[in-house]
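**Student:** how does the following fold in three dimensions:
(one chain, ligands or ions: 2)
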Amino acid sequence: MNSVPSQPPPPIRSGSNVAATFGVQSDPAGVVDPGAAISNDMVSAELASQSSAISNDIVRLDNVHKWFGDNHVLKGIDLSVRPGEIIAIIGQSGSGKSTALRCMDHLEQIDKGSVTVCGHTFGADIPKSDLKMLRQDVGIVFQSYNLFPHLTVERNITLALTSVKKMGKGQAKEIAQTVLAQVGLSEKSQMYPEQLSGGQQQRVAIARSLAMGPKLMLFDEVTSALDPQLTGEVLRVIEKLAREGMTMVLVTHEMAFAMKVAHRIVYMFQGKIHEQGGPDMLRHPQTPELKHFLDNGL
Ligand SMILES: Nc1ncnc2c1ncn2[C@@H]1O[C@H](COP(=O)(O)OP(=O)(O)O)[C@@H](O)[C@H]1O
Ligand SMILES: [Mg+2]
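**Tutor:** Residues are numbered from 1 along each chain as shown. Ligands and ions are numbered 1, 2, ... in the order given. Next up is the predicted model:
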């Protein structure tokens, strides 16, 4: 299987260092003025491209803080995700991974900072109409699948389409067939959740999210409750979505999978982003905390 996502985004730039971006070396002797090598047009073009990169971000967390009572769970998270980018969040239990993910969908209210997701910007509060649009743009899948046991697979998928999106039944069923094919479960549409394995139920949960046509998918340890074989079938579905260019943020304990699909890995430690980098970061951890985490597991 191809280990390289089909649409890797452009390399992440270091922000506002225009001289570094143009590869201009500073000259300690002062013989060459680095500024002189850069025309105003070049600077404007670069700044324009940087600001358009910023406005194109699918996710942008700026100095996000979250408390649960006295427990300061997120301590100033800055994170941006570009279209097509796949971010894996790793870290010890309790480090704030799920909370960070849930803040992106306003399932948790942030206490300080700001969040922009799919063009919707919010702080502690978000207008109801914006929240409705945000939820349509973002799919989120958890460890527990939360399918309705009394509804068929197909109805589990069409429910939000007909009730939230006010779509006709025929069109909703067509979409259900399309997304079930995407997760390899076309033949299960008339079954009930209890007739499916855990892995199949999780794939239905993913299909249900995909049916809404999200611009961003968030996955929170979606394979933690599954045995290895079922884990594999769910990861293959996520990997396929990755190859198709879906923007994704996934919290995972599957390090090999993270290295395979993620463009960037974010290691959280005690409510902060402690280290981040390309997949290779897991082979060459820079901080003792990440090294310890990788050596000792969870
Ligand atoms: N709804 C909640 N109410 C109170 N405390 C919470 C809640 N959710 C999470 N926490 C606390 O926030 C911290 C971070 O939790 P979480 O984001 O779930 O971490 P992780 O996903 O990395 O295991 C933990 O100390 C946890 O107990
Ligand atoms: Mg968690």
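**Student:** can you pull the residues of the chain lying near ligand 1?
**Tutor:** Residues of the chain lying close to ligand 1 (Cβ under 6 Å from any ligand atom) are 68, 71, 73, 91, 93-99. Every C-beta, even on glycine, is put in place using the N, C-alpha and C of the backbone.
**Student:** contacts only, for the most centrally placed residue in the chain.
**Tutor:** For the chain, the residue lying nearest the average C-alpha position, counting by Cα atoms, centre = their mean, turns out to be residue 249 (1.4 Å). Going by Cβ atoms under 8 Å, 6 or more residues apart in numbering, residue 249 touches 59, 81, 86-87, 89, 101, 104, 216-219.
**Student:** mind checking which of the residues you listed are in helices?
**Tutor:** 101, 104 (DSSP state H).
**Student:** what would the contacts of residue 249 look like in JSON lines with distance to residue 205 and pLDDT?
**Tutor:** Compiled in JSON lines, those are given as follows (distance: Cβ to Cβ, whole Å; pLDDT from 0 to 100):
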{"residue": "59", "distance to residue 205": "21", "pLDDT": "97"}
{"residue": "81", "distance to residue 205": "22", "pLDDT": "97"}
{"residue": "86", "distance to residue 205": "19", "pLDDT": "97"}
{"residue": "87", "distance to residue 205": "20", "pLDDT": "98"}
{"residue": "89", "distance to residue 205": "19", "pLDDT": "98"}
{"residue": "101", "distance to residue 205": "15", "pLDDT": "98"}
{"residue": "104", "distance to residue 205": "18", "pLDDT": "97"}
{"residue": "216", "distance to residue 205": "16", "pLDDT": "98"}
{"residue": "217", "distance to residue 205": "11", "pLDDT": "98"}
{"residue": "218", "distance to residue 205": "12", "pLDDT": "98"}
{"residue": "219", "distance to residue 205": "10", "pLDDT": "97"}
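**Student:** kindly state the beta-bridge partners for residue 116.
**Tutor:** Per DSSP bridges, the residues bridged to residue 116 are residue 60, residue 121.
**Student:** so how many other residues sit close to it?
**Tutor:** Here the count is done by other Cβ atoms under 10 Å, and residue 116 has 18 residues near it.
**Student:** list the contacts for it?
**Tutor:** Each residue near residue 116 by Cβ under 8 Å, 6+ apart is listed here: 57, 59-60, 62, 122.
**Student:** okay, it: pLDDT?
**Tutor:** In this model, residue 116 is scored at 96, pLDDT.
**Student:** same deal with the one 5 residues further on?
**Tutor:** pLDDT, the model's per-residue confidence, is 94 for residue 121.
**Student:** ligand 1 versus that one, what's the distance?
**Tutor:** 22 Å (Cβ to the nearest ligand atom, to the nearest Å).
**Student:** roughly how far does that residue sit from residue 186?
**Tutor:** The spacing between residue 121 and residue 186, counted by Cβ to Cβ, to the nearest Å, is 39 Å.
**Student:** now do the strands in the chain.
**Tutor:** Read by DSSP state E, the chain holds these strands, from start to end of the chain: 59-68, 71-81, 86-91, 112-117, 120-122, 138-141, 216-220, 247-251, 264-269, 272-277.
**Student:** distance from the chain centre to the second one, please.
**Tutor:** Using Cα atoms, centre = their mean, to the nearest Å, the mean C-alpha position of strand 71-81 is found 15 Å from that of the whole chain.
**Student:** also the last one?
**Tutor:** A distance of 15 Å separates the centroid of the chain from that of strand 272-277, by Cα atoms, centre = their mean.
**Student:** by contact count, what packs against that strand?
**Tutor:** Counting contacts by 3 or more Cβ pairs under 8 Å, 6 or more residues apart in numbering; DSSP states H and E, the secondary-structure elements packed against strand 272-277 are strand 71-81, strand 264-269, helix 288-296.
**Student:** quick one: mean pLDDT over that strand.
**Tutor:** Here the mean pLDDT over strand 272-277 is 98, rounded to a whole number.
**Student:** if we can go back for a sec, dump the helices and strands packed on strand 272-277 into CSV; add mean neighbour count as well.
**Tutor:** Listed next are the helices and strands packed on strand 272-277 as CSV, based on neighbours: other Cβ atoms under 10 Å:
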stretch, mean neighbour count
strand 71-81, 18
strand 264-269, 23
helix 288-296, 14
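**Student:** adding distance to residue 195, write these out as JSON lines.
**Tutor:** As requested, the helices and strands packed on strand 272-277 are arranged in JSON lines below (distance: least, Cβ to Cβ, whole Å):
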{"stretch": "strand 71-81", "distance to residue 195": "37"}
{"stretch": "strand 264-269", "distance to residue 195": "37"}
{"stretch": "helix 288-296", "distance to residue 195": "39"}
